[in-house]
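In: got a sequence here, can you build the structure:
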Amino acid sequence: MTRLLAQLASVRMINKTRKNYYEAAQKTRHFGIAVPPHMVEFETTLSWAEKACTHLNARINLDGFALPDGELPDDIRRMIRQNRLLSEAPMTHLEAEKYGPGFAIALGGGPGEPEIVLRGLSARTTTGEWNPNARRLTKILTVTGTKWGRATEFIYADDEAVYTVAEGARGLEVVHVDGVAMCPASLLAFQPDLDNPFGRSRISHPVMRAIDRAQRTLLRSEITAEFFSAPQRYLLGAEEDIFVDEDGKQISSWDALIGRINAISRDEEGDIPQVSYAPQVSMQPHTDMIRSDAAVYSSIVDLPVSVLGVVQDNPDSAEAMEVRWDALNKIAEQAHTTFGSGWVDLLQKGVMLRDGLDELPEELDELEAVWRPASQPTRQAAADAMVKEISAMPWVAETEEALRGFGHTQKQIDRMLAEKRRAQGGATMASLIQAASSGASDAEVA
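Out: The predicted structure is shown next:
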């Protein structure tokens, strides 16, 4: 427990930094050259880090679970429905995209809760220990209460038990223990690799540096607008008395600009002071710079530049825009695999915990997660593609995959198949009644 608490504390600052970038609350980093001292605290914000996560997350949609040779048992469907797992999944995916790892855990429910609680956990409060051979978490710790930045309540689980720990009169104490067959937690890592099994954050160091650069560009733009928006006038041959008020006190530059300078008297020699104007400073260099910053950021996170608020002179066609999303779609499809294995693992552990099993039931060994297409084509495009596939392979029309290919969600598919079964049942009953009636009529004739 102490080791995992220390592990969680070691990433606290970088996770806090990433949270600030996601919420556009990070401080602007500048070099102290182009920023006047009285504008050092002025802040500019960009929501580019949020867009890097949310636009990807919109393409990672868990649609349900399926078994290759049949429908899910009703008790598993009920567990998914009671825990609103399909609604919990996007929030957990977003946590993984922000911080690298996301976590989920299966616990016994209390009063007013589902029998088995399946819930996602944030990397800001949760950490674990990964076994590369077993390819699963063997330990997990999630903080559920803090005081003055110190953990006062947390849940710790390993391959033997789940411990609920809380601060008591003598410090941290174990207040509840539940036995388990294996650690009831799952890892949902975003873009993991052999060196980083807990994944990588979308808000990476290159992303943060690119946002810093863009924010400095915006800050310089704001400073330029503040200093050079008002007309820059200068006087040649003016007397000092035009810059003082009736009491002999010097007036402010703003009052001189908008008031007294509009009426200037002749000097002692009878000459009229010359009033000239400095040329207006162009904002075009700053606009070009922010376009360059957006292009650099776009290449890092695989987002079209238009998503970042940069309007192109020649808008792309619909086909060209779809091509620009291809790289992000491939990242989403890769996440389907890694996230899917985590959700399947969690659901399997939930069943084992509910039934008190030490091993996974054989019928759930091939459980799979079902995802909506990452490319998000229009319903018409999806339907056209499926019609062509059915034309080549007519038997596909009798499968659920055909309905899914037309763009229907798993819930819609379930309702459609249920109504189809009811209609078939009604038709069968009508044919039996008609056959019985025909038989009775023949008997009367005989």
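In: three-state assignment of the nearest residue to residue 158 once chain neighbours are set aside?
Out: Nearest non-adjacent residue to residue 158, counting by Cβ to Cβ, 6 or more residues apart in numbering: residue 139, 4.8 Å away. Every residue, glycine included, has its C-beta placed from N, CA and C. Secondary structure for residue 139, judged by DSSP: H, G, I helix; E, B strand; the rest coil, is strand.
In: for residue 139, which residues make a bridge with it?
Out: On the basis of DSSP bridges, residue 139 is bridged to residue 129.
In: how many neighbouring residues does it have?
Out: Close neighbours of residue 139, defined as other Cβ atoms under 10 Å, add up to 18.
In: stretch 58-67: how far from the chain's middle?
Out: In terms of Cα atoms, centre = their mean, to the nearest Å, the centre of stretch 58-67 is found 16 Å from the chain centre.
In: what about that stretch, how long is it end to end?
Out: Its first and final residues considered, stretch 58-67 spans 25 Å by Cα to Cα, to the nearest Å.
In: let me know the helix or strand that residue 211 is in.
Out: Taking DSSP states H and E as the criterion, residue 211 maps to helix 205-228.
In: oh, that last question was meant for residue 75, not what I typed.
Out: helix 74-82.
In: ok, which stretches of the stretch 51-200 of the chain are strands?
Out: Ranges of strands in the stretch 51-200 of the chain, per DSSP state E, counting those that start in this stretch, are 62-66, 101-108, 116-121, 126-131, 136-147, 150-157, 161-168, 171-179, 185-189.
In: the first one pairs with which strands?
Out: The partner list of strand 62-66 in its sheet, established with DSSP bridges, is strand 368-371 (antiparallel).
In: pretty sure residue 103 is touching residue 139, no?
Out: No - Residue 103 is beyond contact range of residue 139, at 11.7 Å (criterion: Cβ atoms under 8 Å).
In: list the buried residues in the helix holding residue 211.
Out: For helix 205-228, burial by neighbour count (16 or more other Cβ atoms under 10 Å) applies to 207-208, 210-224.
In: elements contacting it?
Out: When contacts are defined as 3 or more Cβ pairs under 8 Å, 6 or more residues apart in numbering; DSSP states H and E, helix 205-228 packs onto helix 12-22, helix 48-57, helix 284-301.
In: picking up where we left off before, and the strands of the stretch 51-200 of the chain: which comes nearest residue 322?
Out: Distance to residue 322, taken as Cβ to Cβ, is lowest for strand 62-66 among the strands of the stretch 51-200 of the chain, at 21.5 Å.
In: from residue 83, how far out is residue 361?
Out: Distance check for residue 361 against residue 83: by Cβ to Cβ, to the nearest Å, it reads 19 Å.
In: neighbour count for these two, which is higher?
Out: Taking neighbours as other Cβ under 10 Å, residue 361 and residue 83 compare with residue 83 leading, 22 against 13.
In: rewinding a little: mean pLDDT lowest for which of the helices and strands packed on helix 205-228?
Out: Of all the helices and strands packed on helix 205-228, mean pLDDT reaches its minimum on helix 284-301 (a mean of 87).
In: could you check the angle that one makes with helix 48-57?
Out: Going by axes from the mean of the first three to the mean of the last three Cα atoms, to 10 degrees, helix 284-301 is angled at 40 degrees with respect to helix 48-57.
In: any buried residues in helix 284-301, and which?
Out: Using 16+ other Cβ under 10 Å as the test for burial, helix 284-301 gives 286, 289-290, 293-294, 297-298, 300-301.
In: same deal with stretch 351-367?
Out: Neighbour counts using 16+ other Cβ under 10 Å place 351-354, 360, 364, 367 of stretch 351-367 among the buried residues.
In: low pLDDT regions in the stretch 101-250 of the chain?
Out: Applying pLDDT under 70 to the stretch 101-250 of the chain flags residues 227-246, 248.
In: look up how far residue 348 lies from the closest residue to residue 132 other than its chain neighbours.
Out: Nearest non-adjacent residue to residue 132, counting by Cβ to Cβ, 6+ apart: residue 197, 6.6 Å away. Taking Cβ to Cβ as the measure, residue 197 falls 20 Å from residue 348.
In: these two: which is more packed in?
Out: For residue 197 versus residue 348, the count of surrounding residues by other Cβ under 10 Å is larger for residue 348: 19 against 14.
In: from residue 64, how far out is that one?
Out: 15 Å.
In: from residue 130, how far out is the residue lying closest to residue 47 once chain neighbours are set aside?
Out: Nearest residue to residue 47, sequence neighbours excluded (Cβ to Cβ, 6+ apart): residue 24, at 5.0 Å. Here the criterion is Cβ to Cβ. By it, residue 24 lies 32 Å from residue 130.
In: I figured residue 347 hits residue 75, correct?
Out: No - using Cβ under 8 Å, residue 347 is not in contact with residue 75; the gap is 11.4 Å.
In: more neighbours: which of those two?
Out: Each of residue 347 and residue 75 has its neighbours counted (other Cβ under 10 Å); residue 347 has more, 25 against 11.
In: pull out the buried residues from the helix or strand harbouring that one.
Out: Secondary structure assignment for residue 347, by DSSP H and E: helix 326-355. Judged by neighbour count (16+ other Cβ under 10 Å), helix 326-355 contains these buried residues: 328-329, 331-332, 335-336, 338-354.
In: same deal with stretch 192-200?
Out: By 16+ other Cβ under 10 Å, the buried positions in stretch 192-200 come out as 192, 198-200.
In: pick out the most distant pair among those.
Out: Spatial extent of the buried residues of stretch 192-200 (Cβ to Cβ) is set by the pair 198 and 200 at 8.6 Å.
In: and for residue 161, the neighbour number?
Out: By other Cβ under 10 Å, the residues close to residue 161 number 14.
In: wait, what's in contact with the residue nearest to residue 364 when sequence neighbours are not counted?
Out: Leaving aside its sequence neighbours, residue 364 sits nearest to residue 348 (Cβ to Cβ, 6+ apart; 5.6 Å). Applying Cβ atoms under 8 Å, 6 or more residues apart in numbering, we find residue 348 in contact with 360, 364, 367.
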